[in-house]
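Novice: sequence first, then the predicted structure:
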Amino acid sequence: MQDMLYALDIFGTFAFAVAGALKAARHELDALGVLVLATVTGVGGGMVRDMMLAYGPPAVFHNDAYLLVCLAGGLLVFFFARGVAARRNLVRYADAVGLGVFTAIGGAKAMAFGLGGLPVVFLAVLTATGGGVIRDVLVGEVPAVLRTDFYATASILGAVALLGLAALGRPPLEQLAGSAAVTTGLRLMAIWLRMRLPRIPRVDDDD
């Protein structure tokens with residue numbers, strides 16, 4: 001199970017990196033810009049989490065695989081942008097898996113520090129969405145998690161599931177798998193059913 005979670009973590013990092021690189025392609029960035037957005041999206045959330053926990057050097061600096069898969073995702077999009085973009089649904093499904101795994105891992109790391117429920121949920125969601133927020137800020141957009149269909153919400157509910165499984169005394173690996181499954185399942189359901197949260201009505205300055 002541990003090996004499977006690690007493999008899914010790497011897979012999720014790659015999927016996030018590809019999504020970041022596609023954002024760079026939409027903004028017509030150069031090769032460096034593509035690699036920067038791919039890397040920031042892939043590992044940014046986990047790096048911010050580790051710094052907030054004063055965990056020492058972020059986990060990505062202890063394992064070159066994370067940076068390498070980010071670079072691989074960026075290069076894939078740089079050379080085959082149109083082909084990757086044509087498979088956008090596949091990228092979204094892979095991204096949903098990454099969202100689930102990152103939520104579970106981020107929440108579990110927060111729990112290991114003995115934090116309470118709300119900080120655990122916050123750090124789980126930060127791990128899963130922080131890289132995308134940084135990416136969007138870098139290209140001058142409102143972060144997608146604040147306006148996209150049921151993305152951060154799926155992460156929040158997955159983190160709550162992690163806490164629930166922990167409260168029931170389930171084994172750690174079962175907690176991780178359950179949280180990842182809930183998050184990924186909700187995100188996929190949102191994609192298929194086009195689920196969205198209610199939006200506030202637009203208000204102009206002269207209203």
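Specialist: Noted; the coordinates are in hand. Numbering: from 1, shown residues only.
Novice: now name the helix or strand holding the spatially most central residue of the chain.
Specialist: Central residue of the chain (Cα atoms, centre = their mean): Ala128, 3.2 Å from the mean position. Ala128 is part of helix 117-138, with elements assigned from DSSP states H and E.
Novice: so which bits of that helix are buried?
Specialist: 117, 119-136, 138 (16 or more other Cβ atoms under 10 Å). In short, each C-beta sits where N, CA and C put it, glycine included.
Novice: ok, back up a step: surely the residue nearest to the centre of the chain touches Thr184?
Specialist: No. Applying Cβ atoms under 8 Å, one finds Ala128 not in contact with Thr184, separated by 10.7 Å.
Novice: give me the common contacts of the two.
Specialist: Here Ala128 and Thr184 share the contacting residues Leu99, scored by Cβ atoms under 8 Å, 6 or more residues apart in numbering.
Novice: which positions within stretch 9-21 qualify as buried?
Specialist: For stretch 9-21, by 16+ other Cβ under 10 Å, it's 9-10, 12-21.
Novice: mind exporting the C-alpha coordinates of that stretch to CSV?
Specialist: Coordinates of the C-alpha atoms in stretch 9-21 are reproduced here as CSV (Å, rounded to 0.1, in the frame of the first residue of the first chain):
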residue,chain,number,x,y,z
ASP,A,9,2.0,10.7,-5.4
ILE,A,10,4.5,10.8,-8.3
PHE,A,11,1.7,10.3,-10.8
GLY,A,12,-0.3,13.2,-9.2
THR,A,13,2.8,15.4,-9.3
PHE,A,14,3.2,14.7,-13.0
ALA,A,15,-0.5,15.4,-13.7
PHE,A,16,-0.3,18.7,-11.8
ALA,A,17,2.9,19.6,-13.7
VAL,A,18,1.2,18.9,-17.1
ALA,A,19,-1.7,21.1,-16.0
GLY,A,20,0.7,23.9,-15.1
ALA,A,21,2.5,23.6,-18.4
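Novice: who's in contact with that stretch?
Specialist: 34-35, 37-43, 65-66, 69-74, 76-78, 81, 84, 91, 94-95, 97-102, 105, 131-132, 135.
Novice: remind me which residues of this structure are low pLDDT?
Specialist: Within the chain, the segments meeting pLDDT under 70 span 1-2, 148, 205-207.
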